[in-house]
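Trainee: this one's sequence-less:
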């Protein structure tokens, strides 16, 4: 019997344990911790495609770019290229640490990172209402100058300064999907759709990068749907999903159906918009498209959760 296939989505923040551990070396060690738990899945018979976030990492790349552009002869890096840079760097860490762990266990499984472009709709309403702040804080004068010279959209951010904002469109198509499918079918572990994929649009039958950010859980959900994964696993900061999170009547959930997940999300009070809500939406899309089951838990509990001992399972009705 062929291995079952799981798409595992891990957050960019999971590679940065805290504000004191942000160096490349620190992120490598964090990646090593995460891939140890993914190796447990592989050892248990799962074939895995790994999606990852890149928010903090792209932030660092942008800050370096913003600082460097003031030096003669240096140039700023476009946002889509920042995404490509982060895919390569994070993919390198995840691939190498997973390769090393599998070798320790005597598991002969090739691991590869696929730098991936994600087509979005140029007419997505997100482009008319950019809302995702990126890069560093600026004084109002500098922000408005850059808006005029570079076409940026900028906003004042809660009294802390001015920042650039970009769109966060819904992912439509993984352009490298045929290659990803071939690798998975051949038994390879694939790291892909990093940071939600590099956002691109089609113009006159040509691919063009755009300044946008894509939710990595939405992108991983699309990948899971396209490859017809047996499991969609979102690895995050909490062991289980909770209703009324952070309130006196908080209740952790072991299992919920698709209908229950849709109802809880629609209520709008259980899941924070910037954290758990997109994860639940990503899972709902996966199950609505015929996916069998999804799981949310933290990295260190992946093994136990797959045995049914913890985590939150979301299943068909």
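Mentor: Structure's in. What do you need? Model, not experiment: these values are computed from the prediction.

Trainee: strands of the stretch 1-150 of the chain, start to end?
Mentor: Applying DSSP state E, counting those that start in this stretch to the stretch 1-150 of the chain gives strands spanning 4-10, 46-52, 111-113, 117-120, 132-138.

Trainee: of all those strands, which lies closest to residue 282?
Mentor: strand 4-10 (7.7 Å; CB to CB). Quick note: C-beta positions are derived from backbone N, CA and C, even for glycine.

Trainee: and that closest one, which residues are buried?
Mentor: By neighbour count on 16 or more other CB atoms under 10 Å, the buried set for strand 4-10 is 5-10.

Trainee: again with stretch 105-114
Mentor: Under the neighbour-count criterion of 16+ other CB under 10 Å, stretch 105-114 has 109, 111, 113-114 buried.

Trainee: got it, and stretch 253-266?
Mentor: 253, 256, 258, 261-262, 264-265.

Trainee: give the other helices and strands that the top helix by length along the chain contacts.
Mentor: As assigned by DSSP state H, the longest helix anywhere in the chain is helix 79-104. In terms of contacts (3 or more CB pairs under 8 Å, 6 or more residues apart in numbering; DSSP states H and E), helix 79-104 is packed against helix 24-43, strand 46-52, helix 55-68, strand 111-113, strand 189-191, strand 198-203.

Trainee: in the buried residues of stretch 105-114, find the pair that's most separated.
Mentor: Distances among the buried residues of stretch 105-114 were taken as CB to CB; the most separated pair is 109 and 114, at 15.7 Å.

Trainee: okay, how far is it across stretch 186-201, tip to tip?
Mentor: Across its full length, stretch 186-201 reaches 30 Å between end residues, using CA to CA, to the nearest Å.

Trainee: ok, now stretch 179-190?
Mentor: With CA to CA, one end of stretch 179-190 sits 10 Å from the other.

Trainee: how far off centre is that stretch?
Mentor: From the chain centre to the centre of stretch 179-190 is a distance of 19 Å (CA atoms, centre = their mean, to the nearest Å).

Trainee: buried sites along it?
Mentor: So for stretch 179-190, counting by 16+ other CB under 10 Å, buried means 180-181, 183-184, 188-190.

Trainee: where does pLDDT dip in this protein?
Mentor: Scanning the chain for pLDDT under 70 picks out the ranges 1-2, 12-13.

Trainee: repeat that for 50
Mentor: 1 (pLDDT under 50).

Trainee: how's it carved up into domains?
Mentor: 5-120+171-315, 131-166 (the TED database).

Trainee: so which of these is the most surrounded?
Mentor: Among those, the stretch with the highest mean neighbour count (mean count of other CB atoms under 10 Å) is domain 5-120+171-315, at a mean of 18.
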